[in-house]
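Novice: here is a sequence together with a model predicted from it:
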Amino acid sequence: RIREGKLLAERFLASPDVFLDDLATHRDIALPILQDAYGEQATSAADRRQKLHAAYGLARYQPTPELLEWLTGQVATLDASEFVMMQRALQELLKAQQRQAGPYVQTQLQRALTMKQRFIEMRWLLMGLALGESTQLDKYCAAKPDPSDTTELMLDLAKVPIDLAWLSELLDQPSAVKPDTRYLLCLVIGGLQGSGVAAQRTLEQLYRTAPDAGTHAAARWALLQQGTSWDTLDSMIAGSGENDAEASERDWYVTPDGRATMVRIRSYPEFRLGPVRDGGDSYSEVAYPAHWTAEDLAPVDEFWMSDREVSVATFRAVCPEHPRLDTEEAKADDRRPMWGVNWFEAVIFCNRLSRSHQLTPYYDVNESLYDWEQGIWNPNREPFLFPSIPNLAGTGYRLPTEREWEYACRALSTTAYSFGGEANHLSFFGWFAGKSSPAACGSLHPSRWGLSDMHGNVWEWCWERSDDGRWGTGEWKAWWDAVLTKRTSRVLRGGSFD
């Protein structure tokens, strides 16, 4: 029996998960061996791992406050592969001492904040999630007027050694992780190299089934970073249409032709968008609330929006006569956004796409009057006199109003960008001036509402006119007048490329 107990202890130190329960029958022999292993000085990574394994066994069969204190201090030096063991050992000790995980985790987080130990704070945020205490992590990730700390958290977590299989296992429990937190953790996984099979499987599952558009889009982006092809991604959600069995539970669906994903932009009546009259993305540049009109204070109603810009491939399928489609740039990558499209052509595209999906077009227009080669509406008429009014009975696709575009872009933020006020972070979310050409649609981080390319890439048309004198004077007005003369007097938002 003594020989069996010693052998069992040795096996446990090598594979603790397999032999933990078996120690119960030989604890009188095995525990002294574990105590010796725990008491030894760790001079290498292998020694530290064995000491942690011994602590795990003692946490089950001989828990003490000193053991909890020692384990707590090891969080700072954990190897990525040791997260699971630490989590289980802490769970055993907290249970034995009848302590709640919440106050314990909050104490460790407060200590890290007081000592300004950001790295340790990141680890306790993740360990708290594993222990069922994610209050602070959820606060970081939740939508807020200034989401700068959320973006900082995403970037900092990507620097922390993490066992991705362990993190993926946590994400496999949808009810235990809030949507905003799940969205951010998908982006974190996407920012790490070598995701492994477990993370890949979890991301694929979230991409197919996550009800919120933010997690769906973040999982897609993470899969792209891990090498999954666009064609594979498209095939994964090919049947996720507007009317499938799970559609009512999702905030996104795939259009009938499989070329676009529409996301629900929910209405939050308590959010005050404020004036949208300057064509800029910065909330801080608008008038003070005391000067806001009733329209500025009115909530934005719910609507649906494409999760990314219209690609060359999609535009070619709907409007093949556009002359830009014959250029080398268009042929080089049909997943890039279609560019060089004027407002007339955007409206025609919406109507044609509506008809192809058996929807009633939103605009009353006569396409035969449009000259595709010259890019104008009826060469014999003033191009600004575009004969189009919304069809109130229309059920199809349309351009967003400027307020809708601004609301969707902000995602409840009030900072210069949807991710906060720090321009240095723009490269994660926007493809902007200085690049040689537009990026493929959806290449960069999506917003928490599942929208990509709202910052940067190509300019995006809105419905309203912009020739009402609100564009100021001087060089800016001269530049804008040139744009209007070339195209039409309608609002452009977003990007850097024409």
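Specialist: Arrived safely.

Novice: name the nearest residue to Met86, ignoring sequence neighbours.
Specialist: Nearest non-adjacent residue to Met86, counting by C-beta to C-beta, 6 or more residues apart in numbering: Leu78, 5.9 Å away. In this view, the C-beta of every residue, glycine as well, is placed from N, C-alpha and C.

Novice: how much space between that neighbour and Asp149?
Specialist: 24 Å (C-beta to C-beta, to the nearest Å).

Novice: these two: which is more packed in?
Specialist: Each of Leu78 and Asp149 has its neighbours counted (other C-beta atoms under 10 Å); Leu78 has more, 19 against 14.

Novice: got the contact list for the more buried one?
Specialist: The contact partners of Leu78, taken as C-beta atoms under 8 Å, 6 or more residues apart in numbering, are Met86, Arg123, Pro161.

Novice: the second one and Lys159 touch, don't they?
Specialist: No. Arg123 sits out of contact with Lys159 when judged by C-beta atoms under 8 Å, with a separation of 11.1 Å.

Novice: give me the more crowded residue out of these two.
Specialist: Arg123 (23 against 13).

Novice: over to that one: give its phi and psi.
Specialist: In terms of degrees, to the nearest 10, the main-chain angles of Arg123 are phi -70, psi -40.

Novice: not counting sequence-adjacent ones, nearest residue to it?
Specialist: That would be Val75: by C-beta to C-beta, 6+ apart, it lies 5.2 Å from Arg123.

Novice: what's the answer for Gly450, then?
Specialist: In space, and not counting its chain neighbours, Gly450 is closest to Ala213: 2.9 Å by C-beta to C-beta, 6+ apart.

Novice: quick one, strands of the stretch 301-450 of the chain?
Specialist: Assigned by DSSP state E, counting those that start in this stretch, the strands in the stretch 301-450 of the chain fall at 303-306, 370-371, 376-377.

Novice: neighbours around the closest residue to Met338 other than its chain neighbours, how many?
Specialist: Excluding its sequence neighbours, the residue lying closest to Met338 (C-beta to C-beta, 6+ apart) is Phe315, at 3.8 Å. Residues near Phe315, counting by other C-beta under 10 Å, number 25.

Novice: same check on Tyr370?
Specialist: Quick note: Tyr370 (other C-beta under 10 Å) scores 20 neighbours.

Novice: so what pairs up with it in the strands?
Specialist: Trp377 (DSSP bridges).

Novice: my read: it touches Ile348, true?
Specialist: Yes. If you go by C-beta under 8 Å, Tyr370 and Ile348 touch, sitting 6.5 Å apart.

Novice: what's near enough to touch the closest residue in space to Thr151 that isn't next to it in sequence?
Specialist: Of all residues not flanking Thr151 in the chain, Phe419 sits nearest, at 4.6 Å (C-beta to C-beta, 6+ apart). Residues in contact with Phe419 (C-beta under 8 Å, 6+ apart) are Pro147, Ser148, Thr150, Thr151, Ser413, His425, Phe428, Phe429, His445, Ser447.

Novice: please, where are all the helices along the stretch 151-300 of the chain?
Specialist: Remark: helices assigned in the stretch 151-300 of the chain by DSSP state H, counting those that start in this stretch are 164-171, 179-190, 196-209, 213-225, 230-236, 294-297.

Novice: mind pulling the model confidence for the residue most central in space within the chain?
Specialist: Nearest to the geometric centre of the chain sits Ala218, at 3.8 Å (C-alpha atoms, centre = their mean). You'll see Ala218 listed with a pLDDT of 97.

Novice: what of Arg49?
Specialist: So, for Arg49, pLDDT stands at 89.

Novice: helix/strand/coil for it?
Specialist: Counting by DSSP: H, G, I helix; E, B strand; the rest coil, the backbone at Arg49 sits in helix.

Novice: okay, now the unreliable bits of the stretch 151-300 of the chain?
Specialist: Scanning the stretch 151-300 of the chain for pLDDT under 70 picks out 174, 193-195, 276-291.

Novice: mind checking how far the helix or strand encompassing Tyr38 is from the chain centre?
Specialist: Using DSSP states H and E, Tyr38 falls within helix 27-39. On the basis of C-alpha atoms, centre = their mean, to the nearest Å, helix 27-39 sits 47 Å off its chain's mean C-alpha point.

Novice: report all helices and strands that that helix contacts.
Specialist: helix 2-14, helix 45-61 (3 or more C-beta pairs under 8 Å, 6 or more residues apart in numbering; DSSP states H and E).

Novice: give me the residues contacting it.
Specialist: Contacts for helix 27-39 (C-beta under 8 Å, 6+ apart): 1-2, 4-6, 8-10, 12-13, 23, 50-51, 53-55, 57-58, 61-62.

Novice: ok, for Glu321, nearest residue in space, not its chain neighbours?
Specialist: Distance criterion C-beta to C-beta, 6+ apart; nearest residue to Glu321, sequence neighbours excluded, is Trp372 at 4.8 Å.

Novice: tell me who's in contact with the one you found.
Specialist: Taking C-beta under 8 Å, 6+ apart, we find Trp372 in contact with Glu321, His322, Pro323, Glu345.

Novice: in JSON lines: the helices of the stretch 151-300 of the chain, plus distance to Asp257.
Specialist: Below are the helices of the stretch 151-300 of the chain laid out as JSON lines (distance: least, C-beta to C-beta, whole Å):
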{"stretch": "helix 164-171", "distance to Asp257": "31"}
{"stretch": "helix 179-190", "distance to Asp257": "27"}
{"stretch": "helix 196-209", "distance to Asp257": "19"}
{"stretch": "helix 213-225", "distance to Asp257": "18"}
{"stretch": "helix 230-236", "distance to Asp257": "11"}
{"stretch": "helix 294-297", "distance to Asp257": "36"}
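
Novice: quick check: which of the ones you listed is nearest to Glu242?
Specialist: With C-beta to C-beta as the criterion, Glu242 lies closest to helix 213-225 of the helices of the stretch 151-300 of the chain, at 13.7 Å.

Novice: can you give me the buried ones in the closest one?
Specialist: Ala213, Gly214, Thr215, His216, Ala217, Ala218, Ala219, Arg220, Trp221, Ala222, Leu223, Leu224 (16 or more other C-beta atoms under 10 Å).

Novice: what about the one helix or strand Gly102 maps to, distance to the chain center?
Specialist: For Gly102, the host element (DSSP H and E) is helix 101-114. Distance of helix 101-114 from the chain centroid (C-alpha atoms, centre = their mean) equals 27 Å.

Novice: among the contacts of Leu78, which one lies nearest to Gly241?
Specialist: Nearest to Gly241 among the contacts of Leu78, with distances taken as C-beta to C-beta, is Pro161, at 40.8 Å.
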